[in-house]
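Asker: Have a look at this fold, sequence not included:
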């Protein structure tokens, strides 16, 4: 892998290669303003339903709708509350109703304008309205740009766990406008950065080393940021193209996520305590530490991961989570109900070194429990 | 096509050929009693969630659960109200919750035990629980055995129309126990028979002629009934294998359905006035009459279709529907919101003769409206 941030052009295109379901991810500045042109050049339909949340909508809905209107595209829109709790059946029903009321036909599309929550919910609604409607992602958080808007996983949460209800539904186009990231809070940007670092830790040790040196430039914006997003999207696109439905290799994208989801469940998805990217950051450190504990990796890898994530300002230990302590029993319960379970065996993404992760499908629950007991009660 | 009812063996198997999503439909007597054996020989999982309705459950749930238990398969079950109104988000949520609470894993399965309503709802729940769980259909109505249990279309209704929310999710196995049909009311059996006749009308004129001669034997049970179900399932399997996602040829299966769905919507899905198969029967007669009106077919074909469906006791005209007259405006509204719409043009399945149906995607709405105005107000 070569990374040459000084030489990248302003806009990058990453192709997700899925046969007749292939699509482009455009990455760069000013894409919301140019959305109508990009959409109209690819889709014949002249009706769109835009779904957004209160925060993003206040800033970007009117400009998007205006530019679509100027291009002769009629829109209906729905603005939902911001936050993880929006990924519920209640809001899914409203989203479906908006799509059906707008009479979105086969060449028209549903547009998600927002972060991961809006993307997941809207993609699910598009996936089930008329058994599958066209779908465009305009992700407005770093997390959504590098992760949730790419790959077709959609869904809502259940009382049994996160993302347990959903479908695979690929978008027809992803527009990642890097300008909008300037308006994210530092905490939100850091949370998305955890997923950027993840791609290095999965199988790109050079990219991780580049991030260790250049993370400040990525945070500052400009070419380094666009490069980091493009590398991340390409990494995800490669994995998704090889294994769309997560029967194998795609599970690597869950590095840090089994622990991370358990932490999110145990904090009741309370974003004031922990957001998804922060949970993944802690989860990745735990996955590296657990790998060392299982004698699969040197403890140095875990130390290096922890040091980098701490340097950018991310939480790296369970003790970093504000609020009451998290009982290990609650974490284990969430892990057992996680999607990556096969006939009672626990599946984790473990690692042999930086950028050398692998799928371990025979992890003894007792080892995980002992490890978490130590980590959860420091 | 050859039909030799005197020579069929007691059990038939129809293979739906969809690559790695291929599956068998077993058709014959005693299959509920033998369900556990058939399931255990195909699936490794040892947990199943069975979803049924009050009517079917009262008769068949206990024997099914007992036979699964005897085969070492643990079951959770959910019994929903009977009737079309069960195809709602409310019951979908309950079904998903039952599946997740039962911790159905990747080798386990969700079982639909019931007619089309239970099959559509359960298939949808299986399709979205963990983004797709294994699924077994045990259809207990003739309609479900010959139509809705085959082909992977699942869904619920919306206030905007029937089946507007759903996914394509193929079952892993279909067990069509022909003994259970003996307990159907004559009205229910006739309603299912409308879909059997449909396969003849789509592209099997010999089969339609055979039904004209042998329908009484089909109604009586035994070899002729099994043969009619097997021919129907094979016909549907062939169409589905050629066009799983309904981009083309599969639309032929909608013969009679655009008119039929409009009639169901206009009677508010009130089963006391009109059930789905009855709506399809009237819809097929209307499609043949409309084809004659458009000078595509001889009026003789419509006369023959009407005579046969009337002979078996099905309604064949809008005036046959009990209750208040149906306003044409209401029917047209339902037709416009139907799934088979493309940029405002109406798509209908029309025909040139018995067994010579085709997809017409440029039907003028004004012609349909004039035709329905005459038919709706006799």
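Answerer: Yes, it's here. Source: prediction; values computed, not measured.

Asker: How many residues are close by residue A:151?
Answerer: 23 (other Cβ atoms under 10 Å in any protein chain shown). In short, each C-beta sits where N, CA and C put it, glycine included.

Asker: pull the longest helix from chain A.
Answerer: If you go by DSSP state H, chain A has its longest helix at helix A:223-242.

Asker: Quick check: buried residues in it?
Answerer: A:223-241 (16 or more other Cβ atoms under 10 Å in any protein chain shown).

Asker: downstream neighbour of it in the secondary structure list?
Answerer: Next in sequence after helix A:223-242, counting helices and strands by DSSP states H and E, comes helix A:257-266.

Asker: Contacts for that next one, please.
Answerer: By Cβ atoms under 8 Å, 6 or more residues apart in numbering or on different chains, the list of residues contacting helix A:257-266 from outside reads A:161-162, A:274, A:276, A:279-280, A:282-284, A:286-287, A:318, A:321, A:326-327, A:330-332, A:334-335, A:338, A:340, A:346-349.

Asker: Residues of chain A that sit close to chain B?
Answerer: A:44-45, A:89, A:93, A:96-97, A:100-101, A:103, A:105-107, A:124, A:127-132, A:153, A:155, A:158-161, A:164-168, A:245, A:337, A:339, A:341-343 (Cβ under 8 Å from any Cβ of the partner chain).

Asker: and those, which are buried?
Answerer: A:45, A:89, A:93, A:96-97, A:100, A:103, A:105-106, A:124, A:127-132, A:153, A:155, A:158, A:160-161, A:164-168, A:337, A:339, A:341.

Asker: circling back: which secondary structure elements does the longest helix of chain A sit against?
Answerer: strand A:12-16, strand A:23-28, helix A:186-203, helix A:205-220 (3 or more Cβ pairs under 8 Å, 6 or more residues apart in numbering or on different chains; DSSP states H and E).

Asker: what inclination does the third one have with respect to helix A:223-242?
Answerer: What separates the directions of helix A:186-203 and helix A:223-242 is an angle of 50 degrees, with axes from the mean of the first three to the mean of the last three Cα atoms, to 10 degrees.

Asker: So which elements touch helix A:186-203?
Answerer: helix A:142-143, helix A:205-220, helix A:223-242, helix A:276-293, helix A:299-311, strand A:357-363.

Asker: what's the answer for the first one, then?
Answerer: Secondary-structure packing of strand A:12-16 (3+ Cβ pairs under 8 Å, 6+ apart): strand A:23-28, helix A:223-242.

Asker: Export the ones you listed as a markdown table, with columns for mean pLDDT.
Answerer: Formatted as a markdown table, those follow (pLDDT from 0 to 100):
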| stretch | mean pLDDT |
| --- | --- |
| strand A:23-28 | 96 |
| helix A:223-242 | 94 |
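
Asker: Throw the ones you listed into a markdown table and include distance to residue B:218, thanks.
Answerer: Formatted as a markdown table, the helices and strands packed on strand A:12-16 follow (distance: least, Cβ to Cβ, whole Å):
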| stretch | distance to residue B:218 |
| --- | --- |
| strand A:23-28 | 48 |
| helix A:223-242 | 49 |
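
Asker: Of the ones you listed, give the one that comes closest to residue A:365.
Answerer: helix A:223-242 (26.9 Å; Cβ to Cβ).

Asker: excluding its backbone neighbours, what's nearest the residue in the stretch 151-300 of chain A that chain B sits nearest to?
Answerer: For the stretch 151-300 of chain A and chain B, the shortest gap (Cβ to the nearest Cβ) falls at residue A:160, measuring 4.1 Å. Closest residue to residue A:160 apart from its sequence neighbours, by Cβ to Cβ, 6 or more residues apart in numbering or on different chains: residue B:100 at 4.1 Å.

Asker: which stretch of helix or strand covers the one you found?
Answerer: Here residue B:100 sits within helix B:89-101, counting by DSSP H and E.

Asker: next helix or strand past the lowest-mean-pLDDT helix or strand in chain A?
Answerer: The weakest-scoring helix or strand in chain A, judged by mean pLDDT, DSSP states H and E, is strand A:341-342 (a mean of 56). Sequence order places strand A:345-351 as the next helix or strand after strand A:341-342, per DSSP H and E.

Asker: Now that next one: average pLDDT?
Answerer: Summarised as a single mean, pLDDT over strand A:345-351 is 90.

Asker: Pull out the buried positions in it.
Answerer: Buried, per 16+ other Cβ under 10 Å, within strand A:345-351: A:346-351.

Asker: Please apply the same query to stretch A:80-92.
Answerer: So for stretch A:80-92, counting by 16+ other Cβ under 10 Å, buried means A:80, A:82-84, A:86-89, A:91-92.

Asker: Please work out the average pLDDT along it.
Answerer: 95.

Asker: Next: stretch A:275-291.
Answerer: 97.

Asker: How far does it sit from its chain's centre?
Answerer: Its chain's C-alpha centre lies 15 Å from the corresponding centre of stretch A:275-291 when counted by Cα atoms, centre = their mean, to the nearest Å.

Asker: which intervals of chain A have sub-threshold pLDDT?
Answerer: Low-confidence segments of chain A, defined by pLDDT under 70, span residues A:1-9, A:337-344, A:377-378.

Asker: how about a cut-off of 80?
Answerer: Within chain A, the ranges that satisfy pLDDT under 80 run A:1-9, A:247, A:337-345, A:376-378.

Asker: Report the closest residue of the stretch 1-150 of chain A relative to chain B.
Answerer: Counting by Cβ to the nearest Cβ, the stretch 1-150 of chain A gets nearest chain B through residue A:100, at 4.1 Å.

Asker: who's in contact with that residue?
Answerer: Contacts of residue A:100 by Cβ under 8 Å, 6+ apart are A:129-130, B:158, B:160-161, B:164-165, B:337.

Asker: just those residues now: which is nearest residue B:137?
Answerer: Using Cβ to Cβ, those come closest to residue B:137 at residue B:165, 19.5 Å.

Asker: Wait, that closest one touches residue B:155, no?
Answerer: Yes: using Cβ atoms under 8 Å as the test, residue B:165 is close enough to residue B:155 to be in contact (5.7 Å).

Asker: Could you tell me which residues touch both of the two?
Answerer: A:128, B:124.

Asker: quick one: residue A:213 and residue A:228, what's the gap?
Answerer: 12 Å (Cβ to Cβ, to the nearest Å).

Asker: now swap in residue A:357 and tell me
Answerer: Taken as Cβ to Cβ, the span from residue A:357 to residue A:228 is 19 Å.

Asker: Then residue A:50?
Answerer: 28 Å.

Asker: now residue A:137
Answerer: 19 Å.

Asker: Please apply the same query to residue A:359.
Answerer: Residue A:359 is 25 Å from residue A:228, by Cβ to Cβ.

Asker: Then residue A:214?
Answerer: 8 Å.

Asker: again with residue A:366
Answerer: With Cβ to Cβ as the criterion, residue A:366 and residue A:228 are 39 Å apart.

Asker: that's a strand at residue A:117, yeah?
Answerer: No: counting by DSSP: H, G, I helix; E, B strand; the rest coil, residue A:117 is not part of a strand but helix.

Asker: Surely it touches residue A:51?
Answerer: No: counting by Cβ under 8 Å, residue A:117 sits too far from residue A:51 to count as a contact (10.6 Å).

Asker: re earlier: distance from the chain centre to the longest helix of chain A, please.
Answerer: Distance, centroid of helix A:223-242 to centroid of chain: 12 Å (Cα atoms, centre = their mean).
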